[in-house]
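Colleague: build me a model:
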Amino acid sequence: MRSPGLRGLGAHYASPVARAVSRLTMLALVAALLSAVTARPAAADDDPVRSEGEALPVVSATAPVQAQADCCGVSWSAGRQLWFRAARAGDSVTVALPQVPAGQYDIGAVLTRAPDYGRVRFAIDGVAVGQLFDGYAPNVQRTGAVPVGAVSLAAGSHHLSITVTGRSASSAGLFVGLDTLTLRRVGPLASVTSTPYELVGEAPVRGALTRVYDPGAGQSTAWYYNDHTIVRDQRTGLWHVFAITHPEPGAPQDEKTFGHATAPSPTGPWTRQPVVLTADPAAGERWIWAPHVVYDQGVYYMFYAAGNPDLASYRMHLATSTDLFTWTRSSANPLFVDGWEARDPMVTRVGDRWVMYYTATSSPTGGNHVVAYRTSTDLRTWSARGIAYASSRTGQAGGQTESPFVVRRGDWYYLFVCCDGTDYGAAYRRTAVYRSRDPIRFEGAEKVAVLDAHAAEVVVDGANWYLSHAGWGQGGLWLAPLTWSSGVVARGRTVTTGFLRADVRTWPSARLASLALDPAGGGAYRAALDSSHRGTGPYLAVGGFDVTDRAGSPARVDVSADGSRLHLVGIPFGDEPVTADWLLTVAPRWSGPALQSDVTWSVNGPTTAGVWEVAFNVDGAGPSVGDPPVAARPTGDVTGLPNWTMTTGNGLSVVAAHRWASAWRGDNTWYDSGHAMAAWQPLWRSGGTTWPTGQYPGGTWRFAASATNRDVGFADTVHAALNAVP
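Modeller: Numbers count the residues shown, from 1 in each chain. Alright, predicted model coming up:
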């Protein structure tokens, strides 16, 4: 409300004495008034405890607090409300809650909206609960019951804080009005273990680069090496390099020869040799790319991509040699056909089979950039394609999965892949390194390093490890020492009850790395959510569909005393001027605790391009994903946000129930049947849209599990419980 005196709303507002009272004096008067009010005694278990806002003892405040009488055509409960006259964003008032029995509680409130009211966040004992509340309305009005949040309360005293975070563009002020507060006990106090952890592992470190070979030396013009392979002759010990080569500048669809040089060691000196292979149109080769050589039983096998104008149908070819100088194309060519621009093969031995990694897209006509793989026992006959890693970026040309290279260190496999970043030009010399215990599954793997190199190969010479670098405009072949450093590769917290075990990753990225549930509460957890593709958590799509900007590491993590609430504050998203606060709560459920997710977005400036998606992704571990009308959704978009989605199968239904209208809008849900995944998209706009600065409630979801396949009744009950307001 604007100045009540201007509205002529009564002597209570117009009194010059009241206006002259200082903040501290006002608090003292309010405290004296409230000290005469006896707090409602603790009720029996599960009886709602309802308190008048103005009767809650004020513990502290940064702006004046009043017990405001009925006005403006609004009648509050008991004729008054707690009126917090905040003057700036960040002002807060803290009140004492009534004593209640220990347990899990849903908290609701009746609040006030008005033309000069602000946006607020609630917190219990210093840690956030629930969603952002916007107090703006064009006229003064008393809300119905509003969900404040879910919280575990031990016996003893607790405090509720109300913090003004800002205001809508239409609001003229930052005031707050609390009429009543209700605590409804919905379950016994959960026994929660919340343990911080650090994952320690090896990560590669690149030393100083040294140019070891210049293919343009002695030529009339500069030449480059690009994707290459470095291999040692098993008989003579001589080292060989084979590479895409061409005069500068880069001309990928005119790259028709493989350069060749030899040296006594990887560091040189390297001697130019005649080219070993030239594209043969009669063999289906308009251009040839990215040779990779392995040795097996006296024979060297060179795998390479044979390109042609049909970029959706690249051919993977093979040539063999016994001396590394003379090469013969295989009669098995093409080994297989794939796209978009399926290329950059790398082959290594894993157990009793060979594995070929190569870059492609999720569909031959485009899509997510992926590291595909195939397996073989004879290096000639290859299996159907699998996906070892999928980038969030989509397209057809160069992406984030070029030049894959996999090495093993102990029990871990490391995937080196270029080019890391959303801007291909800027990312050209950025090779990301992911580690996994499974050599054919790097989805959700931790990124342990980003190294300055393009088309990098790992070269091992005895005890010496090297990382190579080459490419357009790079001046030839470079080599750097590669060492391995032990250190922290990830941080997070493990949250555990008998019903759930959650791995909440906080560094280097924010995500729910895994969630396992036991509907019986006995600790026999089964995987409910995983990181098999995007993982579970918030993301942005700016300038195009799909994840362009993943959640980074939060500025801080607030943890409640009992470990039941984790608030990840100030999560960044790539290079966008956007952050999110993500609250994860061990929330009440009739048969034990579930996990609740609340996201609040803050836009601090213009985004780098139009916003296509603002989303929260749920990465299911079950075999299928569906919603109320359809048990198993095919991949695609469905307008709006459903009551719930469910991944189900093998005696487990995992429900993600939605609190209705908890997000500022509800445009779309995108389903990925291959990963049992649903992306809830409050904002979804083909072609992108502007996203004005401000704060936005991003939505509330609650995860719970049933031991029955496709348990629709259970899902409806979870949804109803989440949407019940005290």
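Colleague: what's near enough to touch Trp175?
Modeller: Quick fix: residue 175 reads Phe, not Trp. Shown in contact with Phe175 (CB atoms under 8 Å, 6 or more residues apart in numbering): 1, 83-86, 114, 116-118, 135. For every residue, glycine as well, the C-beta is placed using N, CA and C.
Colleague: so which of the residues you listed sit within strands?
Modeller: Judged by DSSP state E, the contacts of Phe175 include 83-84 as members of strands.
Colleague: could I get the contacts of Phe175 as JSON lines with distance to Gly688?
Modeller: Shown next, in JSON lines, are those (distance: CB to CB, whole Å):
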{"residue": "Met1", "distance to Gly688": "38"}
{"residue": "Trp83", "distance to Gly688": "41"}
{"residue": "Phe84", "distance to Gly688": "38"}
{"residue": "Arg85", "distance to Gly688": "40"}
{"residue": "Ala86", "distance to Gly688": "35"}
{"residue": "Ala114", "distance to Gly688": "34"}
{"residue": "Asp116", "distance to Gly688": "34"}
{"residue": "Tyr117", "distance to Gly688": "32"}
{"residue": "Gly118", "distance to Gly688": "29"}
{"residue": "Gly135", "distance to Gly688": "30"}
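Colleague: out of the contacts of Phe175, which is nearest to Leu517?
Modeller: Proximity of these to Leu517 (CB to CB) peaks at Gly135, which lies at 36.4 Å.
Colleague: where do the strands of the stretch 501-650 of the chain begin and end?
Modeller: Assigned by DSSP state E, counting those that start in this stretch, the stretch 501-650 of the chain shows strands spanning 511-517, 526-529, 537-542, 549-550, 556-559, 565-573, 576-587, 594-603, 611-619, 624-626, 636-639, 644-649.
Colleague: and Val371, how close does it get to Pro629?
Modeller: Val371 sits 36 Å away from Pro629, going by CB to CB, to the nearest Å.
Colleague: who has more neighbours out of those two?
Modeller: Neighbours per residue, other CB atoms under 10 Å: of Val371 and Pro629, the larger number sits with Val371, 28 against 8.
Colleague: please name the residues that touch that one.
Modeller: The contact partners of Val371, taken as CB under 8 Å, 6+ apart, are 357-359, 387-390, 401, 404, 415, 417, 442.
Colleague: report the beta-bridge partners for it.
Modeller: Under DSSP bridges, the beta-bridge partners of Val371 are Thr359, Tyr389.
Colleague: gap between it and Asn308?
Modeller: Taking CB to CB, one finds Val371 at 22 Å from Asn308.
Colleague: picking that back up, can you lay out the contacts of Phe175 as CSV showing pLDDT, distance to Phe175 and neighbour count?
Modeller: Shown next, in CSV, are those (pLDDT from 0 to 100; distance: CB to CB, whole Å; neighbours: other CB atoms under 10 Å):
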residue, pLDDT, distance to Phe175, neighbour count
Met1, 35, 6, 24
Trp83, 98, 7, 22
Phe84, 98, 7, 28
Arg85, 98, 6, 20
Ala86, 98, 6, 25
Ala114, 98, 7, 23
Asp116, 98, 6, 17
Tyr117, 98, 5, 28
Gly118, 98, 7, 25
Gly135, 97, 7, 24
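Colleague: wait, which of the contacts of Phe175 is closest to Pro266?
Modeller: After measuring the contacts of Phe175 against Pro266 - CB to CB - the closest member comes out as Gly118, at 63.9 Å.
Colleague: correct me if wrong: the closest one contacts Gly166.
Modeller: Yes. Contact criterion CB atoms under 8 Å: Gly118 and Gly166 qualify, at 6.5 Å.
Colleague: any common contacting residues for those two?
Modeller: Common contact partners of Gly118 and Gly166 (CB under 8 Å, 6+ apart): 89, 174.
Colleague: roughly how far does the closest residue to Gly649 other than its chain neighbours sit from Arg437?
Modeller: Once flanking residues are discounted, Gly649 sits nearest to Pro623: 4.0 Å by CB to CB, 6 or more residues apart in numbering. Noted for Pro623: a distance of 23 Å to Arg437, by CB to CB.
Colleague: just Ala587 next, same as before
Modeller: Distance of Ala587 to Arg437, computed by CB to CB: 32 Å.
Colleague: neighbour count winner among those two?
Modeller: Ala587 (28 against 10).
Colleague: please name the bridge partners of the nearest residue to the more buried one once chain neighbours are set aside.
Modeller: Once flanking residues are discounted, Ala587 sits nearest to Gln596: 3.7 Å by CB to CB, 6+ apart. In this entry, Gln596 is beta-bridged to Thr585, Arg702, by DSSP bridges.
Colleague: wait, doesn't Gln596 sit right on Leu566?
Modeller: No. Look at Gln596 against Leu566 with CB under 8 Å: they stay out of range, at 11.0 Å.
Colleague: what about the strands in the stretch 51-200 of the chain?
Modeller: According to DSSP E, counting those that start in this stretch, the strands that the stretch 51-200 of the chain contains are 58-61, 65-69, 80-84, 92-96, 103-113, 119-124, 127-134, 141-153, 159-166, 176-187, 193-206.
Colleague: out of the ones you listed, which is closest to Trp289?
Modeller: Evaluated over the strands of the stretch 51-200 of the chain, closeness to Trp289 peaks at strand 193-206, with 24.4 Å, by CB to CB.
Colleague: next SSE after the closest one?
Modeller: Tracing the chain C-terminally past strand 193-206 and defining elements by DSSP states H and E, one meets strand 210-213 next.
Colleague: now that next one: buried residues?
Modeller: Across strand 210-213, burial judged by 16 or more other CB atoms under 10 Å covers 212-213.
Colleague: other SSEs contacting that strand?
Modeller: strand 257-263, strand 477-496 (3 or more CB pairs under 8 Å, 6 or more residues apart in numbering; DSSP states H and E).
Colleague: what about 7 Å?
Modeller: With contacts taken as 3 or more CB pairs under 7 Å, 6 or more residues apart in numbering; DSSP states H and E, strand 210-213 sits against strand 477-496.
Colleague: quick one: average pLDDT of the strand it packs on?
Modeller: The average of the pLDDT scores along strand 477-496 is 95.
Colleague: parallel or antiparallel, list what pairs with that strand.
Modeller: When pairing is defined by DSSP bridges, strand 477-496 lines up against strand 193-206 (antiparallel), strand 210-213 (antiparallel), strand 464-469 (antiparallel), strand 500-507 (antiparallel).
Colleague: now those in TSV, with distance to Ser383 and mean pLDDT?
Modeller: Below are the strands paired with strand 477-496 laid out as TSV (distance: least, CB to CB, whole Å; pLDDT from 0 to 100):
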stretch	distance to Ser383	mean pLDDT
strand 193-206	29	95
strand 210-213	36	98
strand 464-469	29	98
strand 500-507	32	96
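Colleague: among the ones you listed, which is nearest Pro57?
Modeller: strand 193-206 (29.6 Å).
Colleague: can you give me the angle that closest one makes with strand 565-573?
Modeller: Angle, strand 193-206 to strand 565-573, by axes from the mean of the first three to the mean of the last three CA atoms, to 10 degrees: 30 degrees.
Colleague: helices along the stretch 601-726 of the chain, start to end?
Modeller: For the stretch 601-726 of the chain, the helices defined by DSSP state H, counting those that start in this stretch occupy 712-723.
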